[in-house]
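# here is a sequence with its predicted model. Questions after.
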Amino acid sequence: MDDNTASQETAERETILSVRDLTVGFGPKVVLDNLNLDIYRGEILGFVGASGTGKSVLMRTVLRLLPRRSGTIHILGEDYDSLGEEERMKLDMRLGVLFQHGALFSALTVRENIQLPMREYLDLPKWLMDELALLKIEMVGLAADAADKYPSELSGGMIKRAALARALALDPDLVFLDEPTSGLDPIGAAEFDELIARLRDTLGLTVYMVTHDLDSLFSVCDRIAVLGQKRVLVEGTIEDMLEFDDPWVQSYFRGKRARSIVPQDRSKTSQALRHGLK
Ligand SMILES: Nc1ncnc2c1ncn2[C@@H]1O[C@H](COP(=O)(O)OP(=O)(O)OP(=O)(O)O)[C@@H](O)[C@H]1O
């Protein structure tokens with residue numbers, strides 16, 4: 001790909017989430033300081049950063065569960081602050097969220113959990129909601145009989161899938177996943193990653209995924225953004241991460257665990273050397 005083609009492709013990408021100069025704090029403590037971030041339609045963005053750097057705070061601020069001190073957030077081209085009640089509801093319907101630990105309601109069956117957003121935002125007959133719930137259950141790879149089970153009757157992997165089905169209940173454009181593979185064994189986590197990639201391909205989803213899982217970052221994420229020093233320190237591909245000169249980024253992507261997952265010769269320098277460009 002020549003430079004012209006590359007810049008054309010960048011220009012044509014539709015920005016689904018655009019965060020500008022975002023500052024969030026609690027009392028005297030500033031957690032995010034003038035942070036900028038873009039997410040493009042159809043991509044899976046992996047969001048990483050050391051514990052306590054503010055990954056959840058950012059996600060919760062974007063979802064308007066936390067107030068911000070300054071900055072703008074555009075989602076799907078809309079500035080939430082300038083919308084009326086009805087338009088805000090329409091925008092909310094286009095977002096799906098899978099919170100950490102699944103966060104299903106324990107007193108409700110899987111079917112009822114999936115139908116919660118439908119009840120909140122739509123006025124559909126029961127038979128249609130039942131059909132839609134079954135469709136979502138099938139979509140996330142659960143057996144139909146999971147519909148009548150309670151969360152306590154499900155394995156950790158099944159809970160994640162049920163929670164994903166609920167996040168997809170209203171056919172969202174953009175899905176937020178907070179550590180979706182945490183607590184899963186490596187096989188379960190890999191299967192969940194494959195599911196996310198398949199749903200992105202078939203439904204055209206855009207995915208914002210907070211994760212600590214190097215396997216996920218390597219196998220399904222198109223781009224990675226690293227949170228550090230209260231802002232997005234670096235964003236790009238695995239190759240960009242391997243090249244980036246920061247102690248945390250280096251130890252994360254070049255550390256002992258990473259070396260068994262991420263081929264360390266994927267850096268741009270080694271690619272360029274292989275292609276005789278340097
Ligand atoms: N409601 C709150 N009130 C005060 N401080 C908060 C609040 N929520 C988060 N914080 C603080 O903001 C900082 C960032 O927290 P956050 O949970 O976003 O980190 P994180 O990057 O998601 O961490 P982890 O990877 O461990 O989940 C922490 O110091 C936390 O104590």
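All right, it came through fine.
# all helices for the stretch 1-150 of the chain, in order.
With DSSP state H, counting those that start in this stretch as the criterion, the stretch 1-150 of the chain has helices at 3-12, 55-62, 85-93, 110-121, 126-139.
# can I get those helices in JSON lines with distance to the ligand and mean pLDDT?
Using the backbone N, CA and C atoms, a C-beta is placed for each residue, glycine as well. Listed next are the helices of the stretch 1-150 of the chain as JSON lines, based on distance: least, C-beta to the nearest ligand atom, whole Å; pLDDT from 0 to 100:
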{"stretch": "helix 3-12", "distance to the ligand": "28", "mean pLDDT": "55"}
{"stretch": "helix 55-62", "distance to the ligand": "3", "mean pLDDT": "94"}
{"stretch": "helix 85-93", "distance to the ligand": "21", "mean pLDDT": "90"}
{"stretch": "helix 110-121", "distance to the ligand": "24", "mean pLDDT": "92"}
{"stretch": "helix 126-139", "distance to the ligand": "27", "mean pLDDT": "93"}
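# tell me the most buried of the ones you listed?
Of these, the one with the most neighbours on average (mean count of other C-beta atoms under 10 Å) is helix 55-62, at a mean of 21.
# centre of the chain to that helix, how far?
11 Å (C-alpha atoms, centre = their mean, to the nearest Å).
# now stretch 186-193
Computed by C-alpha atoms, centre = their mean, the chain-centroid distance of stretch 186-193 equals 16 Å.
# mind listing what's buried in that stretch?
188-193 (16 or more other C-beta atoms under 10 Å).
# show me the shaky parts of the chain.
Confidence mapping of the chain against pLDDT under 70 gives the ranges 1-11, 101-102, 257-278.
# how about the residues of it near the ligand?
Where the chain comes near the ligand, counting by C-beta under 6 Å from any ligand atom, the residues are 26, 31, 49, 51-57.
# just the buried subset of those, please.
Buried among the residues of the chain next to the ligand (16+ other C-beta under 10 Å): 31, 49, 53-57.
# any idea which of those is the one closest to residue 98?
For these, the residue nearest residue 98 by C-beta to C-beta is residue 56; the value is 12.9 Å.
# and stretch 36-55, end to end?
13 Å (C-alpha to C-alpha, to the nearest Å).
# now do the buried residues in that stretch.
For stretch 36-55, burial by neighbour count (16+ other C-beta under 10 Å) applies to 37-40, 42-49, 53-55.
# and if you look at stretch 71-90?
The neighbour-count criterion (16+ other C-beta under 10 Å) identifies 71, 73-76, 80 as the buried residues of stretch 71-90.
# what do you get for stretch 196-211?
Result for stretch 196-211 [16+ other C-beta under 10 Å]: buried residues 196-197, 199-200, 205-211.
# hey, C-alpha coordinates of that stretch in CSV?
C-alpha atoms of stretch 196-211 as CSV (Å, rounded to 0.1, in the frame of the first residue of the first chain):
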residue,chain,number,x,y,z
ILE,A,196,-16.4,-11.1,19.5
ALA,A,197,-14.5,-11.1,16.2
ARG,A,198,-17.3,-13.1,14.5
LEU,A,199,-20.0,-10.7,15.8
ARG,A,200,-18.0,-7.8,14.6
ASP,A,201,-17.7,-9.3,11.2
THR,A,202,-21.3,-10.4,10.8
LEU,A,203,-23.1,-7.5,12.6
GLY,A,204,-20.6,-4.8,11.7
LEU,A,205,-20.1,-3.9,15.4
THR,A,206,-17.6,-1.5,16.7
VAL,A,207,-16.0,-2.8,19.9
TYR,A,208,-14.3,-0.8,22.7
MET,A,209,-12.7,-3.5,24.9
VAL,A,210,-11.0,-2.8,28.2
THR,A,211,-8.7,-5.8,28.8
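# that's all I had, so thanks and see you.
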